[in-house]
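Colleague: Fold the following for me, if possible:
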Amino acid sequence: MSNKVTYKGVDCFKLLAAIGVIAIHSALPFFETLGRLGLPYFAIITSFFFFKHYLKLHTKKNQINYLKKFELRLIWLYFLWQIIYIPLAIKNSKQFFIYNGLSFKSCFKYIFDLLFKLWPSNINGWFPSWYIIGMIFAVPFSIIVYKYIFKQNNYLYGLFCAIVEFYFILCSGLGFLAHLNPIINPDSFPRFFIYIFLGFLLAKNLKVVKQFNKQQILNLLLVFVILFYLENVTIKLLGGGISNDETILTVPTSLIIVIFSILYEPKISSTVYFRQFSTFLYCFQAWGLAIFDYLNGFANFGTTTSEILKFIFVIIIAMFVFQIYNFVRAKTQWKYLNYMV
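Modeller: The predicted model follows:
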């Protein structure tokens, strides 16, 4: 019998995380709040798998080569999907220049935002891409800062990440109290520092994590998810929002979910479909949302009905297009299509 760890639980939770992100962008009641745990989950688990291999490499050359491979994989993922979104990119870019005018300053802002996504915009046609762009910059940046500025001191670097995270909490969940004018858009790469660090710690202490009691972690997970939702409800009652990017409990709740997904091993023969479809669903969602909004302009559904239908529509159309994608990939055997998932 093989002792190879398959991480099937991770594949299942990745799909749930992607569905949670769809719930956010569909404004699905209740689930849009829980869906805020989706991106932190993606960031931690991606970092966990990266460092799980990276930390086993004992030469600087091998580590650099692996980092390059990881970065290239993300760049291909972004680039190939960007081709799919060219029609929406052209439409949104026209609107950008109509609003900002055509000048050296507006062109610089356009290119800068297209590359770094430090300010909120949708000029490339698919706003969910900020996560991919963010990870492309955040992972190497985190490694450099950790190694050369903090000299691999976990406590000092952890404190730095916590301070950055608290800044984003003040800009989001506690924004109704802090009234900060964000210097950096919360949807940008510094937001991932704390999650990348947690992925690093999990990978570094994997043997310890594997010894955790799965049932106790599950109980803790349920408690924190409930508390996370109640925290958002409380923030709403005090004058904030019900679905916040970052709250005090976002980090610990996300971490517990990741730990449970690592320990959880469902009795499923294969979870490859979940793994690939979760990435496809996340990347494809902007098209699904755009198509639904166009159709809803004619149907004019009520608010609640529209939210539910949008959520269902995006998932179903993504499943349909995913089948077409798999068919084309199998027929053409074009290796670059594999980079889309």
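
Colleague: distance between stretch 178-197 and the chain's centre?
Modeller: Computed by Cα atoms, centre = their mean, to the nearest Å, the chain-centroid distance of stretch 178-197 equals 13 Å.

Colleague: Relative to His25, how far out is the spatially most central residue of the chain?
Modeller: With distances taken as Cα atoms, centre = their mean, the residue of the chain nearest its centroid is Leu39 (3.2 Å). Separation of Leu39 from His25 (Cβ to Cβ, to the nearest Å) stands at 12 Å. No exception for glycine: its C-beta is placed from N, CA and C like everyone else's.

Colleague: Repeat that for Ile196.
Modeller: For Ile196, the distance to His25 - Cβ to Cβ - is 24 Å.

Colleague: can you check Ser270 too?
Modeller: From Ser270 over to His25 (counting by Cβ to Cβ), the distance is 29 Å.

Colleague: swap in Pro190?
Modeller: Distance, Pro190 to His25, by Cβ to Cβ: 22 Å.

Colleague: If you count surrounding residues, which of the two has more?
Modeller: Shown here are Pro190 and His25; by other Cβ atoms under 10 Å, Pro190 has more neighbours (21 against 18).

Colleague: got the contact list for the more buried one?
Modeller: Counting by Cβ atoms under 8 Å, 6 or more residues apart in numbering, Pro190 makes contact with Ala138, Val164, Phe168, Ile184.

Colleague: how does it look with 10 Å?
Modeller: Taking Cβ atoms under 10 Å, 6 or more residues apart in numbering, we find Pro190 in contact with 118, 134, 137-138, 141-142, 161, 164-165, 167-168, 183-184.

Colleague: joint contacts of Leu39 and His25?
Modeller: Residues touching both Leu39 and His25 by Cβ under 10 Å, 6+ apart: Pro128.

Colleague: Show me which positions of the worst-scoring helix or strand of the chain on mean pLDDT end up buried.
Modeller: Ranked by mean pLDDT, DSSP states H and E, the weakest helix or strand in the chain is helix 104-116, scoring a mean of 82. By 16 or more other Cβ atoms under 10 Å, the buried positions in helix 104-116 come out as Lys109, Tyr110, Asp113, Leu114, Phe116.

Colleague: separation between the last one and Tyr110?
Modeller: From Phe116 across to Tyr110, the span is 12 Å (Cβ to Cβ).

Colleague: Please save the CA atoms from stretch 278-285 in PDB.
Modeller: C-alpha atoms of stretch 278-285 as PDB (Å, rounded to 0.1, in the frame of the first residue of the first chain):
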ATOM      1  CA  SER A 278     -11.300  25.200  -8.500                       C
ATOM      2  CA  THR A 279      -8.600  27.100 -10.400                       C
ATOM      3  CA  PHE A 280     -10.700  27.200 -13.600                       C
ATOM      4  CA  LEU A 281     -13.800  28.500 -11.700                       C
ATOM      5  CA  TYR A 282     -11.800  31.200 -10.000                       C
ATOM      6  CA  CYS A 283     -10.300  32.400 -13.200                       C
ATOM      7  CA  PHE A 284     -13.400  32.100 -15.400                       C
ATOM      8  CA  GLN A 285     -15.800  33.800 -13.000                       C
END
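
Colleague: Low-confidence ranges, the stretch 151-300 of the chain, go.
Modeller: Counting by pLDDT under 70, the stretch 151-300 of the chain shows no low-confidence range.

Colleague: What ranges does it have for its helices?
Modeller: Assigned by DSSP state H, counting those that start in this stretch, the stretch 151-300 of the chain shows helices spanning 154-171, 175-178, 193-204, 206-210, 214-237, 250-263, 272-299.

Colleague: Columns mean neighbour count on top of the ones you listed, output as a markdown table?
Modeller: As requested, the helices of the stretch 151-300 of the chain are exported to a markdown table (neighbours: other Cβ atoms under 10 Å):
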| stretch | mean neighbour count |
| --- | --- |
| helix 154-171 | 17 |
| helix 175-178 | 15 |
| helix 193-204 | 23 |
| helix 206-210 | 12 |
| helix 214-237 | 15 |
| helix 250-263 | 22 |
| helix 272-299 | 18 |
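
Colleague: Let me know the angle separating the longest helix anywhere in the chain from helix 272-299.
Modeller: If you go by DSSP state H, the chain has its longest helix at helix 303-332. Orientation of helix 303-332 against helix 272-299 (axes from the mean of the first three to the mean of the last three Cα atoms, to 10 degrees) gives an angle of 130 degrees.

Colleague: which one among the buried residues of helix 104-116 gets closest to Phe97?
Modeller: The nearest member of the buried residues of helix 104-116 to Phe97, counting by Cβ to Cβ, is Tyr110 at 7.5 Å.

Colleague: okay but the closest one is in contact with Asn100, surely?
Modeller: Yes: between Tyr110 and Asn100 there is a contact under Cβ atoms under 10 Å: 7.7 Å.

Colleague: any idea how far the least confident helix or strand of the chain is from the chain center?
Modeller: 23 Å.

Colleague: can you check stretch 102-110 too?
Modeller: Centroid separation between stretch 102-110 and its chain, computed with Cα atoms, centre = their mean, is 29 Å.
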